[in-house]
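Undergrad: Coordinates for the following, if possible.
(one chain, ligands or ions: 1)
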Amino acid sequence: MTALDLESLLRWYVEAGVGDAVGDEPVDRYRRPSPRPAPPAPALLKAMPTVPRAAPSVPPPTPVAVPPATLPPPDQAVLGARALALGCADLAGLREAMAALEGCALKHTATNLVFADGNPTAPAMFIGEAPGADEDREGLPFVGAAGKLLDRMLAAVGLGRDGAYITNILPWRPPGNRKPTPNEYAICLPFLRRHIELVSPKLLVLIGGTSASALLGTTEGITRIRGRWHLYHGDPERPLPAPIPAMPTFHTAYLLRTPALKRDSWRDLLEIRRRLDELSAQSGG
Ligand code: URA
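TA: Below you'll find the predicted structure:
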């Protein structure tokens, strides 16, 4: 194989979602074990010469990182996560509790916990979906291509990472960027809800439809709900004393694929900026 062949093979893997190498030898998990030869018919037995038994042709599987087989069943895991999250008194404690959580399989394939970035005292908290390969590598949210676009958009309205606080619904990258399961969301949501309570932002910006539907409990698509203020009420079992205004907007990864929508996102961002200025004027700052 030439260097060029190798490079295009690697590119093909990356485009197919293969982001991490977990072993030196490939393992074909779909390969069926070779069928055992049928025992010879008794009449032929004597006539056959004895041959030494061939060594098995399937190599033993290469050990790979797999989640422990003892993950608690989903409901118990969700209840456990909720109890753990509610017991956290500050952001450092929340981060520690998430790092210690055993109930979510995503943790076992991720490289890093991606907790948050930016300024926890900033008035606006931005919430995306899940870390990708770059975020998983660096342990910070929105540092890849979608994050660079988010940074440029924030800068355009005078907000840098020190003027915003950024996190995701899921703190671990789903392997190969696969779609997270409802159960994975359910386990991580109590931590996000507690995260919002502890930061207590003035505004939420929900980046993408998944973040919007997880926190607003709506099944309406992002195209219908974006650009308008909604209210985030908190954990339905212990609602916030004052709901937080929340603006759903297109995900920046979606904008990279559909640049024509940037105009709508720009309008959303201007409205967010206007509301921040209004809040600042009200608080005399
Ligand atoms: N997309 C997200 O939703 N979050 C990230 O951190 C990166 C990409």
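
Undergrad: what bridges to the residue nearest to Trp229 when sequence neighbours are not counted?
TA: Among residues not flanking Trp229 along the chain, Pro245 sits closest, at 4.9 Å (Cβ to Cβ, 6 or more residues apart in numbering). All C-beta spots, glycine's among them, are computed from the backbone N, C-alpha and C. On the basis of DSSP bridges, Pro245 is bridged to Leu231.

Undergrad: Tell me the confidence at Pro245?
TA: At Pro245, the model reports a pLDDT of 98.

Undergrad: how close does Leu79 sit to Gly103?
TA: Leu79 is 10 Å from Gly103, where distance means Cβ to Cβ, to the nearest Å.

Undergrad: Have a look at those two and say which one is more surrounded.
TA: Gly103 (20 against 14; other Cβ atoms under 10 Å).

Undergrad: The more buried one falls within a strand, correct?
TA: No - counting by DSSP: H, G, I helix; E, B strand; the rest coil, Gly103 is not part of a strand but coil.

Undergrad: In this structure it contacts Asp75, no?
TA: No - assessed by Cβ atoms under 8 Å, Gly103 is found out of contact with Asp75, at 10.6 Å.

Undergrad: what does this protein put close to the ligand?
TA: Proximity of the chain to the ligand, by Cβ under 6 Å from any ligand atom, involves residues 128-132, 135, 141-142, 144, 146-147, 168, 253.

Undergrad: would you turn these into JSON lines with neighbour count, distance to Ala281 and pLDDT?
TA: What follows is the residues of the chain next to the ligand, written out as JSON lines (neighbours: other Cβ atoms under 10 Å; distance: Cβ to Cβ, whole Å; pLDDT from 0 to 100):
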{"residue": "Gly128", "neighbour count": "27", "distance to Ala281": "29", "pLDDT": "98"}
{"residue": "Glu129", "neighbour count": "23", "distance to Ala281": "33", "pLDDT": "97"}
{"residue": "Ala130", "neighbour count": "27", "distance to Ala281": "36", "pLDDT": "97"}
{"residue": "Pro131", "neighbour count": "30", "distance to Ala281": "36", "pLDDT": "98"}
{"residue": "Gly132", "neighbour count": "23", "distance to Ala281": "37", "pLDDT": "97"}
{"residue": "Glu135", "neighbour count": "26", "distance to Ala281": "35", "pLDDT": "98"}
{"residue": "Pro141", "neighbour count": "29", "distance to Ala281": "30", "pLDDT": "98"}
{"residue": "Phe142", "neighbour count": "28", "distance to Ala281": "29", "pLDDT": "98"}
{"residue": "Gly144", "neighbour count": "19", "distance to Ala281": "35", "pLDDT": "98"}
{"residue": "Ala146", "neighbour count": "24", "distance to Ala281": "32", "pLDDT": "98"}
{"residue": "Gly147", "neighbour count": "23", "distance to Ala281": "30", "pLDDT": "98"}
{"residue": "Asn168", "neighbour count": "27", "distance to Ala281": "31", "pLDDT": "98"}
{"residue": "Ala253", "neighbour count": "21", "distance to Ala281": "34", "pLDDT": "98"}
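
Undergrad: if we take the residues you listed, which one ends up nearest to Thr210?
TA: Proximity of the residues of the chain next to the ligand to Thr210 (Cβ to Cβ) peaks at Glu129, which lies at 4.7 Å.

Undergrad: How much space separates the closest residue to the closest one other than its chain neighbours from Glu184?
TA: Excluding its sequence neighbours, the residue lying closest to Glu129 (Cβ to Cβ, 6+ apart) is Thr210, at 4.7 Å. Here the criterion is Cβ to Cβ. By it, Thr210 lies 12 Å from Glu184.

Undergrad: residues contacting Cys104?
TA: Taking Cβ atoms under 8 Å, 6 or more residues apart in numbering, we find Cys104 in contact with Ala77, Ala81, Trp172, Glu184, Ile187, Cys188.

Undergrad: Closest to the ligand out of those residues?
TA: Nearest to the ligand, judged by Cβ to the nearest ligand atom, of the contacts of Cys104 is Trp172 at 11.0 Å.

Undergrad: neighbours around the closest one, how many?
TA: 26.

Undergrad: So for it, what's the pLDDT?
TA: Predicted confidence (pLDDT) for Trp172: 98.

Undergrad: State the phi and psi torsions of it.
TA: Here is the backbone geometry of Trp172 (degrees, to the nearest 10): phi -130, psi 150.
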